[in-house]
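In: my questions are about this predicted structure, shown below with the sequence.
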Amino acid sequence: MTSALMAFLSELSRLEYRFTTVTPDTHALVLARKQGERAGSLRDVFGWNLPFMPSVVGPALFEITQKAGACEPLSDGTWRATLRVSTVGHLLFAHSAYPTVESDAVFFGPDSYRFVRAIRQLSATATRAVDVGCGSGVGGIALAHFGSISTPVVLADINPRALELAKVNAALAQVPAEVLESDVLRGVDGRVDLVISNPPYLVDRGGRAYRHGGGAHGEALSTRIVRESLARLDRDGGGSLLLYTGVAIVEGEDPFLASIRGDLQQSGATFSYEELDPDIFAGELAEPAYRDAERIAAVLLHARVGHDS
């Protein structure tokens, strides 16, 4: 299946396919406008996931899509893509189709673009970098593609479905990658001098792996990644952690930062902490878990340990 998916994505790349993935709420609004419509373009098929007739993609691509298991027939005679494909510049990333309701769904969205933007501004070099909770692999692939990595980047996730797609996405981008099933860093052996992560940070009723961060407001996994990374990062050469996450702001205070400040100080790390977007996923505030939160903010933590700190 990996080779078939690779052939599918390679053909989309050859056709210069481009699609920017939006939030689930925006996707739903756009689909509401298109209700009853069939796909008229490749973007409709593999971006908006509208039902399509084979003639829209053409016989060659349709055959490749079938072989890759990237489409399924519907009862009315049309077909539907079982994947979405998003682009970051010229790089293509396969991830789960809309809506992402499965427990093992592989998500990609505006957070992915913010994460890549932060990675592109990262000046740290590394000999062994790990993308924790890699999902589609966008962070690690962007790091290897735009940054200074001297060995294959490690793409780590607990979701086998995510690892399958990350492996293909990395191959398509011609990025050497070591793909590992790992709970944070527990499955990663050896020296680590850079950890990047964009983990799940919401409270999800269904407990979907790509979305549910645990804890009172979804912060538990982000907190754990900080603590385990600080304990694991190589200090001789100087190690770094770049964490992009979301935090619930309660009465003007950031409980996530409060929970990790002691760990950062105890490790002797120097760090920067920036609020990138003050108001994301506003619809989540209607959920019981956020009854005391006034907003959810996107934040970026960059911590450094060792002689470079």
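Out: Right, received. Where do you want to start? Residues are numbered from 1 along each chain as shown.
In: where along the stretch 51-200 of the chain do the strands fall?
Out: Assigned by DSSP state E, counting those that start in this stretch, the stretch 51-200 of the chain shows strands spanning 71-73, 79-81, 83-88, 91-96, 129-132, 153-157, 177-181, 194-197.
In: would you reformat the ones you listed as JSON lines and include mean neighbour count, distance to Glu284 and mean pLDDT?
Out: Where you see a C-beta, it was placed from the backbone N, CA and C, and this is true even at glycine. Converted to JSON lines, the strands of the stretch 51-200 of the chain look like this (neighbours: other Cβ atoms under 10 Å; distance: least, Cβ to Cβ, whole Å; pLDDT from 0 to 100):
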{"stretch": "strand 71-73", "mean neighbour count": "14", "distance to Glu284": "30", "mean pLDDT": "98"}
{"stretch": "strand 79-81", "mean neighbour count": "20", "distance to Glu284": "27", "mean pLDDT": "98"}
{"stretch": "strand 83-88", "mean neighbour count": "22", "distance to Glu284": "22", "mean pLDDT": "98"}
{"stretch": "strand 91-96", "mean neighbour count": "24", "distance to Glu284": "19", "mean pLDDT": "98"}
{"stretch": "strand 129-132", "mean neighbour count": "28", "distance to Glu284": "23", "mean pLDDT": "97"}
{"stretch": "strand 153-157", "mean neighbour count": "28", "distance to Glu284": "23", "mean pLDDT": "97"}
{"stretch": "strand 177-181", "mean neighbour count": "17", "distance to Glu284": "29", "mean pLDDT": "97"}
{"stretch": "strand 194-197", "mean neighbour count": "28", "distance to Glu284": "20", "mean pLDDT": "97"}
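In: quick one: which of the ones you listed is nearest Ser267?
Out: strand 194-197 (13.0 Å; Cβ to Cβ).
In: so which elements touch the helix or strand just after the closest one?
Out: Downstream of strand 194-197, the next assigned helix or strand under DSSP states H and E is helix 220-232. If contacts are counted by 3 or more Cβ pairs under 8 Å, 6 or more residues apart in numbering; DSSP states H and E, helix 220-232 sits against strand 194-197, strand 239-249, helix 255-266, strand 295-305.
In: closest to Ala142 out of the ones you listed?
Out: Nearest of the helices and strands packed on helix 220-232 (Cβ to Cβ): strand 194-197, 9.0 Å.
In: who touches the closest one?
Out: Residues outside strand 194-197 that contact it (Cβ atoms under 8 Å, 6 or more residues apart in numbering) are 119, 122, 124, 126, 128-133, 139-140, 143, 185, 222, 225, 229, 232-233, 239-245.
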